[in-house]
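> Below is the structure, and that's it, no one-letter string:
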C-alpha cells in the first residue's frame, strides 16, 4: 500500500465559489462514538428512521455539514477524490492515531499526530483538511457544556421552571458552593463548583445528579445512592415533544408527593404511581398494571443514535393540578396561595441513559419502559432500594415543565437540544465489526468533486502574509471588484471590501485566531476562495 506524504504547510489554494456552501461533508458514524467537543446535529429527517423499525436506534447516524464528530473541510474541490472516504481511529487512548482512505483505492493518509494532540492536518493532494482530537469527559469545567437550545413556536405554549439561588424550593439545581447554615438541605452539592449546570437554557434543565433531593415535593430527584449516578454518563440528546401520537414514548409515571402526604395508594416518592396504567388517550389500558402511561414525544442520544427511555412525574396529592390522572399535562401554577410549591402538578421530565458497565443492571435503550417498570413494580409495587438504585443511577436529564397561561397542551412541536462534550469511545453498532469497535467515520465526496467551476480562472491570487496577525495583502493580475472574509461555515465576518484594482490590504486584527476563507470577485465575474490563517 502506498503511503502518501503529509504536508503541514501554509499553502494558497484556489477553489470555486460553487463549493463555498459545502466546505465540509455529512459525516456518517460507523462504529464508536464521541464528538470532539463539536455540536452534533443529525441531517434533516433522520429521526424518522427511529419509527420505521423495531430497533429503536439509528445504527449509523448521518450528521449535517459542520455538525459531525470529526472535522473534515475542503481546501480545494478540484483535488477531492470522488467516492466514499473513511477515517478510522486505531484506538481511543491518548496515543491512538487515525488513518484516512478512499474505499476501493490504494492510497492511505496517516495522521501526523496522536488524537490527544489533534492537530489540524492539511492533505493537499486530496484538497482536504482533517482534524480528529480526543477530548476529556466531565472534569468540572464549564466547557463540558456545548450549545443547548429550545425551539418552539413564536408564541410558545410550554415553558420550564427556572432555577434560582434562593434558599427555597426554586433552588432546584444544586450546582455551586453555596451553603445554608440554617438548613443544610438547601446547600449546593459537590461536583460543579463553577455552577456550569445552573445556566443550561437559563437554568431550566440539569443533570439528575445535581438536582435537589431533600426539600420536599419540589425536589426532582431521589435522595439515596446519588453517588452511583455520574455526570460523566450525561450525553447529548434531542428531546422532541409532539402531538403526533405515533412518536410518543411508553413510560412509567413516578410519584412526586412527599412521603408524609396522602398520595394515591400510599405510593412513596419515586416509586410508580399507584393508579391504573393508561393508553395514549388517558383511559385505562386494561393491562392490569399500575404506573404506566405515555409521554408525548421521544428522546434520542445524538452520539449513539439510540432512542432513550423516559419517565415523567406526578404529584398525586395535587389533583387540582392534574397530578393524579396519569397524563403528562402540566398546569401553569407555580405555587399555592400560601407559597407552597405546585410546579404544574409535578410533571417533571426524566431522560434515562445507561452506563453500559453492567447490562443486567442498566436501563437499556428504549424498551417501552419495561426495565424501569419491572424494577419499580417489584414486591407488589413497593420496590426495595437496590431495585430503585438500578433505575435512578442511569437518570441523565431533568426538566420541570409548565404550561404557558392562555395556551393548550401540545399546540405544536417543541425541540430541546442538550449538548455536552464527549470523548471518543469504543461502541459496537452492528454484528459485523469493522474497526474493532473503535470509532470509524465515512463521508461521500461526489457532490464536492462534481461541483468544480469549469470557468475557474488560471490566474493566481496571491495573499500574504499567511498566517497573518493584523493585515493581509492581496495581489491579483485581474482587477478585483469585491472581497469577503468568511468563517469556515461560510458566514461573512468582516464587512464587504470593495477593491478597485488588483492590489489592496485587508485588516484582520479584529478577528479571533483561526482559519478563515477569503473570497474574491474579479471585475469579469470570476470568483476564487483561499484559506487564510489568523494568529
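That came through fine. All figures in this text were calculated on a predicted structure; none of them were measured in a lab.
> Strands along the stretch 401-535 of the chain, start to end?
401-403, 414-418, 440-444, 461-464, 471-476, 480-486, 497-498, 503-507, 514-522, 527-534 (DSSP state E, counting those that start in this stretch).
> For the longest one, give the mean pLDDT please.
If you average the pLDDT over strand 514-522, you get 80.
> again, but for the third one
Taken as a whole, strand 440-444 has a mean pLDDT of 97.
> List of residues touching that strand?
25-32, 68-70, 72, 83-89, 103, 434 (C-beta atoms under 8 Å, 6 or more residues apart in numbering). Heads up, the C-betas are built off the backbone N, CA and C, glycines and all.
> just checking, which of those residues belong to strands?
Taking DSSP state E, the ones among these that sit in strands are 28, 29, 30, 31, 72, 84, 85, 86, 87, 88, 89.
> hang on, isn't the second one packed against residue 67?
Think residue 29. No. With contacts counted by C-beta atoms under 8 Å, residue 29 stays clear of residue 67, the gap being 12.0 Å.
> More neighbours: which of these two?
residue 29 (27 against 17; other C-beta atoms under 10 Å).
> For the more buried one, list each beta-bridge partner.
Using DSSP bridges, the beta-bridge partners of residue 29 come out as residue 441.
> could you measure it against residue 421, distance?
Residue 29 sits 16 Å away from residue 421, going by C-beta to C-beta, to the nearest Å.
> so where is the chain shaky, pLDDT-wise?
Counting by pLDDT under 70, the chain has low-confidence residues at 1-22, 184, 215, 355-359, 447-460, 488-490, 496-502.
> need the contact list for residue 210.
173, 174, 175, 189, 191, 192, 197, 231.
> Enumerate every residue touching the fifth one.
Which is residue 191. Contacts of residue 191 (C-beta under 8 Å, 6+ apart): 140, 175, 209, 210, 231.
> I figured the last one was touching residue 141, is that so?
No. Judged on C-beta under 8 Å, residue 231 makes no contact with residue 141 at a distance of 11.7 Å.
> Comparing these two, which residue is more hemmed in?
residue 231 (20 against 12).
> And the strands in the stretch 251-400 of the chain?
Taking DSSP E, counting those that start in this stretch as the criterion, the stretch 251-400 of the chain carries its strands at 292-295, 297-301, 307-308, 310-314, 349-352, 395-399.
> count of neighbours near residue 97?
Residue 97, neighbours per other C-beta under 10 Å, totals 17.
> cool, residue 446 as well?
Around residue 446 there are 12 residues (other C-beta under 10 Å).
> which residues does it contact?
Taking C-beta under 8 Å, 6+ apart as the test, what residue 446 contacts is 82, 83.
> same thing but 10 Å
Going by C-beta atoms under 10 Å, 6 or more residues apart in numbering, residue 446 touches 80, 81, 82, 83, 84.
> What of residue 168?
183, 186, 215, 218, 335, 339, 341.
> Kindly recompute the last result at 8 Å.
residue 186.
> Just want the phi and psi numbers for it.
phi -160, psi -170 (degrees, to the nearest 10).
> same check, this time on residue 205
phi -140, psi 150.
> my read: it touches residue 396, true?
No. The criterion here is C-beta under 8 Å, and residue 205 misses it with residue 396 at 10.4 Å.
> just to revisit the earlier point, can you put the contacts of residue 210 in JSON lines and add distance to residue 411 and secondary structure?
Formatted as JSON lines, those follow (distance: C-beta to C-beta, whole Å; DSSP: H, G, I helix; E, B strand; the rest coil):
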{"residue": "173", "distance to residue 411": "27", "secondary structure": "strand"}
{"residue": "174", "distance to residue 411": "33", "secondary structure": "coil"}
{"residue": "175", "distance to residue 411": "32", "secondary structure": "coil"}
{"residue": "189", "distance to residue 411": "36", "secondary structure": "coil"}
{"residue": "191", "distance to residue 411": "37", "secondary structure": "coil"}
{"residue": "192", "distance to residue 411": "34", "secondary structure": "coil"}
{"residue": "197", "distance to residue 411": "29", "secondary structure": "helix"}
{"residue": "231", "distance to residue 411": "34", "secondary structure": "helix"}
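> picking up where we left off before, go through the ones in strands among the contacts of strand 440-444 and name the one nearest residue 345.
Relative to residue 345, the closest of these is residue 29; by C-beta to C-beta it sits at 39.3 Å.
> just to revisit the earlier point, out of the contacts of residue 191, flag the one nearest to residue 322.
residue 210 (27.1 Å).
> what about that closest one, distance to residue 195?
Taken as C-beta to C-beta, the span from residue 210 to residue 195 is 10 Å.
> Straight-line length of stretch 395-410, end to end?
25 Å (C-alpha to C-alpha, to the nearest Å).
> how close does the residue nearest to residue 102 when sequence neighbours are not counted sit to residue 27?
Spatially, and ignoring its direct neighbours in sequence, residue 102 is nearest to residue 81 (4.9 Å; C-beta to C-beta, 6 or more residues apart in numbering). Residue 81 is 16 Å from residue 27, where distance means C-beta to C-beta.
> Repeat that for residue 337.
54 Å.
> Which residues does stretch 259-274 contact?
217, 222, 252-258, 275, 290-292, 314-317, 324, 326, 373, 376-377, 381-383, 388, 392.
> Buried only: go through the residues you listed for me.
Among the contacts of stretch 259-274, those classed as buried by 16 or more other C-beta atoms under 10 Å are 217, 222, 252-258, 275, 290-292, 314-317, 324, 326, 373, 376-377, 381, 383, 388, 392.
> I'd say residue 255 and residue 316 touch.
Yes. Shown here, residue 255 and residue 316 form a contact pair, counting by C-beta under 8 Å, at 6.2 Å.
> Tell me, how many residues neighbour residue 134?
23.
> Would you mind confirming that it makes contact with residue 96?
Yes. Contact criterion C-beta under 8 Å: residue 134 and residue 96 qualify, at 7.4 Å.
> where do the contact lists of the two overlap?
residue 115.
> Which residue is the nearest non-sequential neighbour of residue 395?
Residue 395 sits nearest to residue 208 (C-beta to C-beta, 6+ apart), 3.8 Å away.
> Look up phi and psi at the one you found.
Per degrees, to the nearest 10, the backbone of residue 208 is at phi -50, psi -40.
> how near is residue 305 to residue 64?
From residue 305 to residue 64 the distance is 14 Å (C-beta to C-beta).
> out of those two, which sits in the more crowded spot?
residue 305 (24 against 16).
> So in terms of bridging, what pairs with residue 206?
Assigned bridge partners for residue 206, using DSSP bridges, are residue 398.
> I'd say it and residue 176 touch.
No. Using C-beta under 8 Å, residue 206 is not in contact with residue 176, being 11.9 Å away.
> Which residues are in contact with each of these two?
By C-beta under 8 Å, 6+ apart, the residues touching both residue 206 and residue 176 are residue 198.
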